[in-house]
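Undergrad: got a sequence here, can you build the structure:
(chains A and B)
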Amino acid sequence: MVKTILLTVAVITALGLLLALVLYLVAQKFKVEEDPRIDEVEKAMPGANCGGCGFAGCRAFAESAVKAPNLDNHFCPVGGNEVMAQVAAILGYELKAKAPEVAVVRCNGTCEARPRTSDYDGMASCAVKAALYTGDTGCAFGCLGCGDCAAACQFGALTMDPVTGLPVVDEEKCTACGACVKACPKKIIELRPKGPRGMKVFVSCVNKDKGPVARKACANACIGCNICAKTCTHEAITVEGNLAYIDASKCKLCRECEAMCPTGAIHGVNFPKALDKEAIKERIKARQNG
Amino acid sequence: MGKHTFSIGGVHPHDSKISRGCAIEPLPLAPVVYISVAQHIGAPSVPCVQVGDKVKVGQVIAEPGGFVSAFIHSSVSGTVKSIGPRADLAGRPATHIEIEVEGDEWLEGIDTGDTLVTKIPEDNKAIIEKIRQGGVVGLGGATFPTHVKLSPPPGSKCERVIINGCECEPYLTSDFRTLLEKGEQVVVGAAILKQVMGNVPCTVAIEENKPEAIAHIKEVIARLGYEGIEVMPMKMRYPQGGEKQLIDAVMHRQVGSGALPISVGAVVQNVATALAVYDAVQKNKPIVDNSVTVTGECFPRQANLLVRVGTPLRYIVDYLGGVPADAAKIISGGPMMGRAVANLDAATVKGTGALLFLTAAQTRRAPESHCIRCGKCADACPMGLEPFLLNKLSRNMDLEALEANAAQDCIECGCCLYSCPAHIPLLDIIRQGKGAVLGAIRARAAAAKAAAEAAKNN
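TA: Prediction:
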């Protein structure tokens, strides 16, 4: 009895060792050479697999980054410069730091400012609504309010405000992955540099209609009046197709355009102090006079 | 002979043809008309008049912008006030020519009399040129330029002309009234089409809910003595009037994926198109007006109106007593495939067939619940697609799988949405996927063409 058990154990052990040896030899023979740095890079990544970098996931990003000659075409918007510094250290590349970005909603057509011209009773999806018509307000360019962007955000950074009917970005949570930019059929969401302490000035409108038409559709619309472009001393503002645009790389955050805008289409956010319009207007007047 | 119908899918909505007793009446001229230059499939036309020009009814005001495009004629006489963008039905800007109406003076050479001209010119090329000059487009809904359809590519042969008088959409009655009141003209138009396509047999397909029209057209054919034109009563079933469905029903032939009807030897033209062909060829009269059904249970005055192209919708509605208080939705076209009107200031186009007023109770959508794979949508789909699967694939935008499952073949008839017990907006979602697949197919074709060009140049 004991002999049988011992024999069985011995045979199984010998067999196991033999097969292990075969497996080892086969594994050595047919080994797939893989750069160990891929694993290292993947470990350094945030692991959100959001696709914001343009690759299918963090692993795909790592595989591509290891093969690339430099990191110019690789940037993880979720991890930002911190993660990219680690990746650069692993791969021995030089890192060009990128200004952190954040999603900005360029529409301020609140329910109050933009009266409804029709009732939409179709499927609650901006993509479907945009395919049917220009929307339930007089503005053919603005937010449709069905929340495709909020649904696309994996980080919970976008929510629809039930009062204004517009999406609100939580800048703490936003990773600038760009999913909302792709989801919006009206292309109103833009990734803009976060700015010092989050301060930034932007035109919160994308309406390219002529001034009176735009104004009739929405009280907060940019009417392309050119006052901001004339006011700006940094050449940061261009007006094209009845719509002003502020180049964030040139903007010095002086807020003069914001004070001068007749419709309030220009927004300054995260400034510590409220805008003193009168003081700024006097400053501009003094400059122009002397 | 049994009742004819297509082989798969389809639904049976109530036909609700409440305006069937209303004779077609001409609508008084509007003070101003807005004529769009993009009212057909293909390239928009190019305006050839200037602001301030005096135009007469039937005068060309825009020329074709390509092979697949059409002439556009002034539908009124008066002065061109402006040429510029104006919102269409959906609020999207399109170039419109605004004409202020002064009197009603027709261009010389247009026969506005009622005498029936039965003698058909012999030269087929001249007939097609007249159809082209008359700006005739398919009035069944797609507004595809008719002269293009009548010029089949070399190698393909037409074996049967089908005149589509099914009018399977609920509520619509303009084709029915046209058959009743202008049956002679429609039959002569059919004879012209038949001759142009090489004297092939011709079938006038009419759904069985229009027995008066069937009897009348049979009588007219016998009276005028045309050989080879027959009336075929069709079973009542939606979408009987779909081009591919009608070919299946009449000829028992299936048009392949992505192929044109001519590939199986069929040419399908709507009743209203046959009438327009008659007008263009026999009377030199281009398309300047079309019949529009104005209807709905909540609408007090049902009507079939003869409306000049470019008449503002608001003018039509006001003429009939204004928008009823309980109307929640206005649809241009039928309830199945028509589009909601977001802008009553928009003007009619050649293809406008109906204005339908629905109440909130009629249009309300039930809340969407989950798909239980019951397969009712697949049973209803007349193209043999699987809407429940396309729904899932469209939500994920899986283009490869969408194309493999023929999302591009969807005819947007709405049978899937109509039949879904879970009230899933299947068509809304599938339309997204279809659009993306068609975009991908077009991009691929363009890339292949560019590659072929590059190879040729090297």
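Undergrad: what's near enough to touch B:Leu393?
TA: By Cβ atoms under 8 Å, 6 or more residues apart in numbering or on different chains, the contact set of B:Leu393 is B:401-402, B:405, B:407, B:433. Using the backbone N, CA and C atoms, a C-beta is placed for each residue, glycine as well.
Undergrad: what does the stretch 51-200 of chain B have sitting close to chain A?
TA: Within the stretch 51-200 of chain B, the positions adjacent to chain A are B:87, B:89-93 by Cβ under 8 Å from any Cβ of the partner chain.
Undergrad: just give the closest residue to B:Val80, not the sequence neighbours.
TA: Ranked by Cβ to Cβ, 6 or more residues apart in numbering or on different chains and with sequence neighbours excluded, the top spatial neighbour of B:Val80 is B:Asp53, at 4.7 Å.
Undergrad: just the buried ones among the contacts of B:Leu393, please.
TA: Among those, those classed as buried by 16 or more other Cβ atoms under 10 Å in any protein chain shown are B:401-402, B:405, B:407, B:433.
Undergrad: look through the stretch 201-350 of chain B and state the residue closest to chain A.
TA: Of all residues in the stretch 201-350 of chain B, B:Ala342 sits closest to chain A, with a separation of 4.6 Å (Cβ to the nearest Cβ).
Undergrad: ok but that residue is inside a helix, no?
TA: No. According to DSSP: H, G, I helix; E, B strand; the rest coil, B:Ala342 belongs to no helix; its state is coil.
Undergrad: count the residues that sit near the residue nearest to B:Val80.
TA: 15 (other Cβ atoms under 10 Å in any protein chain shown).
Undergrad: roughly how far apart are it and chain A?
TA: 25 Å (Cβ to the nearest Cβ, to the nearest Å).
Undergrad: need the pLDDT of that residue.
TA: On pLDDT, B:Asp53 comes in at 94.
Undergrad: which parts of stretch A:75-91 are buried?
TA: Across stretch A:75-91, burial judged by 16+ other Cβ under 10 Å covers A:75-81, A:83-84, A:86-88, A:90-91.
Undergrad: sorry, back to before: ok, the buried ones among the contacts of B:Leu393 vs B:Lys130, which is closest?
TA: For these, the closest approach to B:Lys130 (Cβ to Cβ) belongs to B:Ala407, at 39.2 Å.
Undergrad: the closest one contacts B:Gly435, correct?
TA: No. Using Cβ atoms under 8 Å, B:Ala407 is not in contact with B:Gly435; the gap is 9.3 Å.
Undergrad: name the element A:His267 belongs to?
TA: strand A:266-269 (DSSP states H and E).
Undergrad: so the residue of the stretch 151-290 of chain A at minimum distance from chain B, which of the three states?
TA: Closest residue of the stretch 151-290 of chain A to chain B, Cβ to the nearest Cβ: A:Asp209 (8.8 Å). Of the three states, A:Asp209 takes coil according to three-state DSSP.
Undergrad: what sits against it?
TA: Contact analysis of A:Asp209 by Cβ under 8 Å, 6+ apart lists A:139-141, A:217, A:221, A:242.
Undergrad: neighbour-wise, which of those leads?
TA: A:Ala221 (31 neighbours).
Undergrad: how about that residue, secondary structure?
TA: coil.
Undergrad: so what's it closest to, chain neighbours aside?
TA: In space, and not counting its chain neighbours, A:Ala221 is closest to A:Ala214: 4.0 Å by Cβ to Cβ, 6+ apart.
Undergrad: for the helix or strand hosting the one you found, buried residues please.
TA: Under the criterion of DSSP H and E, A:Ala214 resides in helix A:211-217. Going by neighbour count (16+ other Cβ under 10 Å), the buried part of helix A:211-217 is A:211, A:213-215, A:217.
Undergrad: what is the subsequent helix or strand relative to it?
TA: Using DSSP H and E, the first helix or strand after helix A:211-217 is helix A:227-231.
Undergrad: can you give me the pLDDT of the residue nearest the centre of chain B?
TA: Computing the C-alpha centroid of chain B and ranking residues by Cα atoms, centre = their mean puts B:Gly141 first, at 1.7 Å. Per-residue confidence at B:Gly141 stands at 79 (pLDDT).
Undergrad: residue contacts, the closest residue to it other than its chain neighbours?
TA: Excluding the flanking residues, the one nearest B:Gly141 by Cβ to Cβ, 6+ apart is B:Gly351, at 6.3 Å. B:Gly351 makes contact with B:39-40, B:137-139, B:141-143, B:290, according to Cβ under 8 Å, 6+ apart.
Undergrad: okay then, goodbye and thanks.
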